[in-house]
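S.K.: Sharing a model prediction with you, sequence too.
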Amino acid sequence: MLRNRRTELLTAFVLVAPFLAVYGWLFLYPTFQMIEMTFLKAPLIGEGKWAGFANYAKMFRDPVMRIAVLNTAYFVLLTVIPGTIVALSIALMVRRLKGFMQSLILAAFFLPYVLPVTVVYVLWDWMTNLQFGMLQGPIALIAGEPTNIWRTTGWFMPGAAILTIWWTNGFSILLFLAGLRNIPAELYEAAELDGATRWQMFTRVTFPLLWPVTVLCLTIQLILQLKIFDQVYLFAQGGQTRATMVMVQYIYEQAFQKNNGGYSATIALALFVIVLAFSLFQFQVLRVRSVK
């Protein structure tokens with residue numbers, strides 16, 4: 001039995017070893033290198049000098065860093081929960097359709113998700129153009145006049161949030177639709193026989209059974225939106241980049257534009273810790289809810 005146990009362990013190690021080697025080479029080693037760089041005053045490539053906790057002290061005193069953190073948090077508030085609610089609402093409506101019409105509407109909602117960010121940028125830059133943009137009508141009703149939302153600080157983040165929800169919600173819609181299809185129809189029939197309204201069916205049957213999918217969508221969206229960069233970087237070009245700065249954009253600026261490898265690594269590590277902390281928190285919420 002001992003020999004068989006050793007054989008099983010050896011076989012398991014041989015099978016897992018390639019993955020561990022690649023994981024260590026492509027993730028663990030760069031991570032340790034990045035952590036080491038946070039203690040150095042160094043360029044992005046090349047030798048650096050030991051700086052201790054100077055980069056961390058600088059990060060906590062940096063006013064631009066505070067703006068980047070607040071803008072990132074604001075963007076997350078505008079996108080994660082609202083985007084998940086929109087995706088769930090659309091999935092509930094699409095589920096009521098049948099056959100070809102359901103496939104057509106679902107494809108229409110999913111199409112933006114497969115578009116590259118450059119195409120999304122060109123589309124929305126055209127639709128919000130101050131001279132001929134088709135969205136300037138609704139914008140003028142709210143603002144009182146045609147407004148270049150990408151050059152107006154108060155409009156920039158809400159505009160980027162609406163763009164992002166439109167762009168990325170297709171995947172969440174698919175997840176919710178898959179979850180809805182896994183709910184047995186007998187539960188709705190039993191609830192209908194008991195005289196339950198549609199709202200009661202949703203709150204007592206649909207949403208509790210969709211809770212794992214909801215937390216999954218929230219977690220995916222949270223991680224994605226904390227790393228917001230592309231759309232903010234593209235639309236902020238030539239404008240007030242400091243006022244709309246987000247964390248990944250600040251990392252990019254410090255690393256590739258100012259060649260501050262040590263300080264950019266410190267900001268990147270802070271973002272990594274934030275993403276990890278929120279992911280673990282949401283996992284704990286799911287576990288507690290599942291136990292109940």
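M.R.: The structure has been received and is ready for your questions. Numbers count the residues shown, from 1 in each chain.

S.K.: Check what pLDDT Val288 gets.
M.R.: We have a pLDDT of 65 for Val288.

S.K.: What segments of the stretch 1-150 of the chain are strands?
M.R.: Ranges of strands in the stretch 1-150 of the chain, per DSSP state E, counting those that start in this stretch, are 40-41, 49-50.

S.K.: any idea how far the last one is from the chain center?
M.R.: Centroid separation between strand 49-50 and its chain, computed with CA atoms, centre = their mean, to the nearest Å, is 35 Å.

S.K.: Check stretch 215-227 too.
M.R.: 4 Å.

S.K.: can you pull the buried residues of that stretch?
M.R.: Using 16 or more other CB atoms under 10 Å as the test for burial, stretch 215-227 gives 215-222, 224-226. Every C-beta, even on glycine, is put in place using the N, C-alpha and C of the backbone.

S.K.: now the residue nearest to Thr153 when sequence neighbours are not counted, what's its secondary structure?
M.R.: By the measure of CB to CB, 6 or more residues apart in numbering, the closest residue to Thr153 outside its immediate chain neighbours is Ala243, 4.7 Å from it. Following DSSP: H, G, I helix; E, B strand; the rest coil, the label given to Ala243 is coil.

S.K.: what's the pLDDT at Ala243?
M.R.: Confidence score, pLDDT, at Ala243: 88.

S.K.: what stretches of the protein score poorly on pLDDT?
M.R.: 1-3, 238-240, 286-292 (pLDDT under 70).

S.K.: Longest helix in it, by number of residues?
M.R.: helix 63-95 (DSSP state H).

S.K.: counting contacts, what elements does that one pack onto?
M.R.: Using 3 or more CB pairs under 8 Å, 6 or more residues apart in numbering; DSSP states H and E, the elements in contact with helix 63-95 are helix 99-110, helix 153-181, helix 207-226, helix 247-252.

S.K.: if I read this right, Gly52 contacts Phe39, doesn't it?
M.R.: Yes. Using CB atoms under 8 Å, Gly52 is in contact with Phe39, at 6.3 Å.

S.K.: The two: which is more packed in?
M.R.: For Gly52 versus Phe39, neighbours defined as other CB atoms under 10 Å are more numerous around Phe39 (18 against 10).
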